[in-house]
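Chemist: A predicted structure for the sequence below; I have some questions about it.
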Amino acid sequence: ILDVDETVLDNTPYQARLLEDGELYGPVSWGAWVAEAQAPAIPGALEFTRTAAGTGVTVFYVTNRDSALEDATRANLHRLGFPLAQDTDVILTRGERPEWGSDKSTRRAYVAQSFRIVLLVGDDLNDFVAADRASVAERSDLVGTYRANWGTRWIVLPNPMYGSWERSLGGVSRRPDRPRNRPSRYPSPTAPGTAPGWRSCS
């Protein structure tokens, strides 16, 4: 089971576009970016998933992209050549089923009903355990509890741009599939009364 954004698909072109246009993340611009289906692959992700599929492993993509974006997500993955099983829905999106909210636990459990999960890969603690509202101390405890899984059955990729770690520090996540209502790190030379290098979200 792999996450999608910043795990198999690289959204830095979208982030760069926001910077160039002097804009902040928004669901409209994010939806338009996803609809383009032009996100490049994270280096190594294509080779890794193809190798797994070649050994008979079914590759699942569990993403918090909204279910309305599933077709575009599939098109992007297909264009790049990521393995997509023909007889199984392997792209599991947020809201695809009523019980599939932002907590990915229900989708991992759904996969586990028919498959033995051999590996989890993601860029956020929530790609492995339910930690969405956990404090820094609680997140640290969770990491310690499952220490035997890290680097063996659970592979975490770095994502310094956004993630649930921001909420644990008192902010709101900057994940591309969610609006932000905290200060952004985008520079704004025209914003009066703000510190250099910061721009407030409306």
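Modeler: Okay, I see it.
Chemist: So which other helices or strands are in contact with the longest strand along the chain?
Modeler: As assigned by DSSP state E, the longest strand anywhere in the chain is strand 61-66. For strand 61-66, the packing partners by 3 or more Cβ pairs under 8 Å, 6 or more residues apart in numbering; DSSP states H and E come out as helix 70-80, strand 91-94, helix 105-112. Bear in mind the C-beta positions are built from the backbone N, C-alpha and C, glycine included.
Chemist: buried ones in the longest one?
Modeler: Which is helix 70-80. Glu70, Ala72, Thr73, Arg74, Asn76, Leu77, Leu80 (16 or more other Cβ atoms under 10 Å).
Chemist: angle of that helix against strand 61-66?
Modeler: 140 degrees (axes from the mean of the first three to the mean of the last three Cα atoms, to 10 degrees).
Chemist: For helix 70-80, which outside residues touch it?
Modeler: 4, 8-9, 34-41, 46, 61, 63, 65, 84, 91, 93, 96 (Cβ atoms under 8 Å, 6 or more residues apart in numbering).
Chemist: now, which of the residues you listed lie within helices?
Modeler: Members of these lying in helices (criterion: DSSP state H): Val34, Ala35, Glu36, Leu46.
Chemist: ok, and the most crowded of those residues?
Modeler: Val34 (26 neighbours; other Cβ atoms under 10 Å).
Chemist: Quick check: pLDDT value at that residue.
Modeler: In this model, Val34 is scored at 98, pLDDT.
Chemist: Kindly report the same for Thr145.
Modeler: Looking at Thr145, the pLDDT reads 91.
Chemist: Repeat that for Pro176.
Modeler: 50.
Chemist: does Val129 really touch Asn149, like I thought?
Modeler: No - judged on Cβ atoms under 8 Å, Val129 makes no contact with Asn149 at a distance of 9.5 Å.
Chemist: Of the two, give the one with the bigger neighbour count.
Modeler: Val129 (20 against 15).
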